[in-house]
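**Student:** coordinates for the following, if possible.
(one chain, ligands or ions: 1)
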Amino acid sequence: MPIATDRRVVSSFDPFSEEFRADPFSHYARLRALGPVVWLEKHDIWVVHHHEQVKQVLTDWQRFSNAGGGGITNYFKEKNWRQPSIILEVDPPEHDRARRAMMRVLSATALKAMRAGFERVAGELVESALERGEIEAVEDLVRPFPMTVFPDAVGMPKLDREIMLIYGGMVFGAFGPRTPWYEQLLSRADEVSAWIDARCERGALTPDGLGAGLYAAADAGELTHAEAKLLVRSFLSAGVDTTIDSIGLCLRALAEHPDQWALLRDDPALARNAFEEATRYDSSSQSLFRTTTQAFEFAGQQLGKHEKVLVLIGSAGRDPAVWEEPDRFDIRRRVSHQVGYGTGIHGCVAQMMARLEGEVFFRALAARADRLDLTGPSVLRLVPGLRGLAQLPMKLTRKA
Ligand code: OVV
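**Tutor:** Numbers count the residues shown, from 1 in each chain. Have a look, this model is predicted:
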C-alpha cells in the first residue's frame, strides 16, 4: 500500500535545536496548531504534542514500542552506545518481570522509611543556604539534595558520586542526535561505564538499600543476578539528573511567581501539589520516544513500520484542550492528570520517590525561608533528553 505522503503534515521544527529548547513552550503551541501528528523532516521522526495523543501513544505499547529505544536512536536499525535497559527499552512480556521487581523494592513501606532521612538532608541544606543568603541555588541547594538522598537510598558508598552526573549526561545525551557535543561526551563512555558497572555490583551496595532489594529478588528467583545488576543501573541512570532538574525548575517557577511562593510559605502543606504542578508546568522530562511496530494510520497520518515517534509530554502539560490557562503556574491547581512522569506500563516507576523528594525539599524550604529573590539570570542546561538549570542565582531570607 503506497503511503499518502501528500497528506503528510510536515514541519521544519528541530526540537533539539538551541532555539527550540530555549523556549520550548512557544514552539509546542505552534506544533499543536499544525495538527496532532507531525513529521519532523530535519530528523525523520514523527512528533505528538496534544494531551490526547500523548496519552494514546503512551498507553498503546503494542504499536508504540519501547524496544526500539528510549531516544532518537532506532534499535531496530542501529546499535546503541550501552546495553539496552531491561525495564525502559523492552516490551512485554520481558518488561513485566523487571517492572514488578522494581515496584516491589519501591513499595509504600520502603518510601515511608526514606522520609526521615530526606527531611534531615533537606533541612541541613536549606539551613546552610539561609546561612549564606546569596547562593548559586543549583550548586548549593538543589543538586546536593538528590545527589545525597538518592544514592543513600540505593545503598551506594559516599565515594566519588559525582561520576553519576557524567554517566547521567551520557544516558540523556544519547537521547538526541549524534552531534560533535555528543561524540565528545561519549569519548569517556568506557571509563564511566566501567565505574557505573562496579557500583552496581552486589558487593558494592549496603545490605539495606534499594539495590540490595533487587539482589534479594534475584535470590528469590524473580530475576537473574545479572538482571538485578542491570536494574541497579536503571536506578543510577534515571534517578539523579531527573530530580535535580525538576526541583531546580520548580524552585525557579516559585521564585518567578512571588504570589505562589507566598502561598507555599504560608502553608508548607502545599509543597506536594506545588511540585506536581511544576511537573506539569516546567520540569525535567519534556519528551520521550517510542518506535512503531507496524504501519498504521494514527490521528489522520499514515505511520510506517519502525519509525520513531517523539512524545512531547511537556507540551501535553500546556495543552489548552485540557488545562485552563495552561501557561499559568498555579500551585493549587488540580493536576492529577498531568503526564510529566509519562503514563502506561513505562510510566516512571520511581515517581512516588521523586514526589517524596520534591515534597520534602519544598516543605523544608517553605518552613524556613521567607523570601526567594532571583539575583541574576538563570541559565539552562541543555542536555538533549532533559530540561534543567545549570545556574540559578538567588538570595534567600530567613523567616522571622
Ligand atoms: C533515562 C532513563 C529513564 C528510565 C529508565 C532508564 C533510563 C533505564 O536505564 O532503565
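**Student:** okay, now the residue of the stretch 251-400 of the chain found nearest the ligand: neighbour count?
**Tutor:** Nearest residue of the stretch 251-400 of the chain to the ligand: Gly385, at 6.6 Å (CB to the nearest ligand atom). Where C-beta positions appear, they are placed from N, C-alpha and C, glycine not excepted. Residues near Gly385, counting by other CB atoms under 10 Å, number 24.
**Student:** tell me where the model's unsure across the protein.
**Tutor:** Within the chain, the segments meeting pLDDT under 70 span 1-6.
**Student:** need the residues of it near the ligand, please.
**Tutor:** Counting by CB under 6 Å from any ligand atom, the chain comes close to the ligand at Ser85, Ile87, Leu88, Val171, Ser234, Ser237, Ala238.
**Student:** please flag which of those residues sit within helices.
**Tutor:** Among the residues of the chain next to the ligand, the ones falling in helices (DSSP state H) are Val171, Ser234, Ser237, Ala238.
**Student:** tally of neighbours for the third one?
**Tutor:** When neighbours are counted by other CB under 10 Å, Ser237 registers 23.
**Student:** that one - nearest residue in space that isn't next to it in sequence?
**Tutor:** Val171 (4.7 Å; CB to CB, 6 or more residues apart in numbering).
**Student:** hang on, that neighbour packs against Gly239?
**Tutor:** No: using CB atoms under 8 Å, Val171 is not in contact with Gly239, being 10.8 Å away.
**Student:** quick check: Thr279 is in a helix.
**Tutor:** Yes: counting by DSSP: H, G, I helix; E, B strand; the rest coil, Thr279 is part of a helix.
**Student:** sec struct for the nearest residue to it once chain neighbours are set aside, please.
**Tutor:** Spatial nearest neighbour of Thr279, excluding adjacent residues (CB to CB, 6+ apart): Gly340 at 3.7 Å. When classified by three-state DSSP, Gly340 comes out as coil.
**Student:** I figured Arg97 hits Leu223, correct?
**Tutor:** Yes: counting by CB under 8 Å, Arg97 touches Leu223, with 6.6 Å between them.
**Student:** looking at the two, which is more packed in?
**Tutor:** Taking neighbours as other CB under 10 Å, Arg97 and Leu223 compare with Leu223 leading, 23 against 18.
**Student:** in which helix or strand would I find that one?
**Tutor:** For Leu223, there is no host helix or strand (DSSP states H and E).
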